[in-house]
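1. here you go, sequence then predicted model.
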Amino acid sequence: APRVFAGGSGALAFGRKRRRAGDADAPTSVEDMEHDEHEGLDEASLREHEEVTKVKNVGVVELGRHSIETWYFSPYPKEYYPGGYADALYVCESTFGFYRTRAELARARSRLARRAPPGDEIYRKGDLAMFEVDGREHTTYCQNLCYFAKLFLDHKTLYFDVDPFLFYVLCEVDARGYHPVGYYSKEKHSDVGYNLACILAFPPHQRKGYGRFLIAFSYALSRREGKVGAPEKPLSDLGHIAYRAYWAATLLDAIARLPADAPSTSIMDLSKATSIMADDIAATLQYLGAVRQVDGVPVLWCPPAALAALVAKHPTKPPHVDAGALHWTPFHTDVKRDKFDVRSKGHAE
């Protein structure tokens, strides 16, 4: 069977709609593939890879009530696109199983005892729910999710085993059940402190703030773990824009919440409060113009008037992650050996 991807190799990937000529207003999220996407391929494999991925193999995919035009090739089993192309695939909202006809999908769904993602529902607030799905325990579901996501992600060779990853599936909830709207994945154990590997807000649900919500959720879990975190890097220009917007709004909100008589605040204090890595904080504060050099040392500088102007320019936007609605207990490693734990001496910067 074709291999499926779970995360990036040193890069963050966001879905970006392939624009048509003159389609300047096409909805866009963020995409990242600025590193060598073909690393490890010999010339013969590279030629084969380019041949099979240069054109889409599925025209439209149906997910729930949505019929979605695909953007990229996905390595579904070849019997699902005979002759190299299928006009449509029909995907189950609950399992991400894929079928060649709507009737096959209907029969499969009629046999489902549970119409929700597998794994644990770890968050519920209003009409939004988040499920944590272990790639090892629910391999088929996670592989199917990756097949689907690949239709909208400009990955090329990032095909990995799903076992080392956790998947966080965001759903809208209504009287009919759970309807997935996006997801992100992360490594179960990251030696470099990554808290997000791959992310996608599904096309019908873009421009609803779900991309930023998924980013915020990754940091909410880091805070619950008592760790700092970061997305897989390097970031592309567009990936950096998305994260910089989140970092700016989050840091300014944290600074604005400080008491008026609070003593000076350091980057490490902000890192512990937000779980954003110190390097990312320093770069963001520099971008905001909120740093001054004092005797050669960078110091946070944000008087009330400047802070108010920056907060107005970089507001936090809904939907927000409510920590009180998060029902999740992290696995704590040895604090002394985990350099990303904020309780350790001098956690990673």
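-> It's in. Residues are numbered from 1 along each chain as shown.
2. quick one: low-confidence parts of the protein?
-> For the chain, the stretches with pLDDT under 70 are 1-42, 44-54, 155-160, 236-238, 331-349.
3. next, name the residue at the spatial heart of it.
-> Centroid check for the chain by CA atoms, centre = their mean gives residue 199 as the closest residue, at 2.7 Å.
4. now the element after the helix or strand containing that residue, going C-ward?
-> Using DSSP states H and E, residue 199 sits in strand 198-201. Downstream of strand 198-201, the next assigned helix or strand under DSSP H and E is helix 210-225.
5. which helix or strand lies directly C-terminal to that following helix?
-> Next along the chain from helix 210-225, counting by DSSP H and E, comes strand 230-231.
6. strands paired with that next one, and their directions?
-> strand 194-196 (parallel) (DSSP bridges).
7. which helix in this protein has the most residues?
-> helix 237-256 (DSSP state H).
8. quick check, residue 62 in a strand?
-> Yes - judged by DSSP: H, G, I helix; E, B strand; the rest coil, residue 62 forms part of a strand.
9. what sits against the residue nearest to it when sequence neighbours are not counted?
-> Of all residues not flanking residue 62 in the chain, residue 90 sits nearest, at 4.9 Å (CB to CB, 6 or more residues apart in numbering). (Glycine included, C-beta is placed from N, CA and C.) Applying CB atoms under 8 Å, 6 or more residues apart in numbering, we find residue 90 in contact with 61-62, 98-102, 104-105.
10. show me the residues you listed that map onto helices.
-> 102, 104-105.
11. could you dump those residues into JSON lines with neighbour count and distance to residue 256 added?
-> Formatted as JSON lines, the ones in helices among the contacts of residue 90 follow (neighbours: other CB atoms under 10 Å; distance: CB to CB, whole Å):
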{"residue": "102", "neighbour count": "11", "distance to residue 256": "51"}
{"residue": "104", "neighbour count": "13", "distance to residue 256": "54"}
{"residue": "105", "neighbour count": "19", "distance to residue 256": "49"}
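12. now those in TSV, please, with extra columns for distance to residue 148.
-> Formatted as TSV, the ones in helices among the contacts of residue 90 follow (distance: CB to CB, whole Å):
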residue	distance to residue 148
102	16
104	16
105	13
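13. which one of those residues is nearest residue 174?
-> When the ones in helices among the contacts of residue 90 are compared for distance to residue 174 (CB to CB), residue 105 wins out at 19.6 Å.
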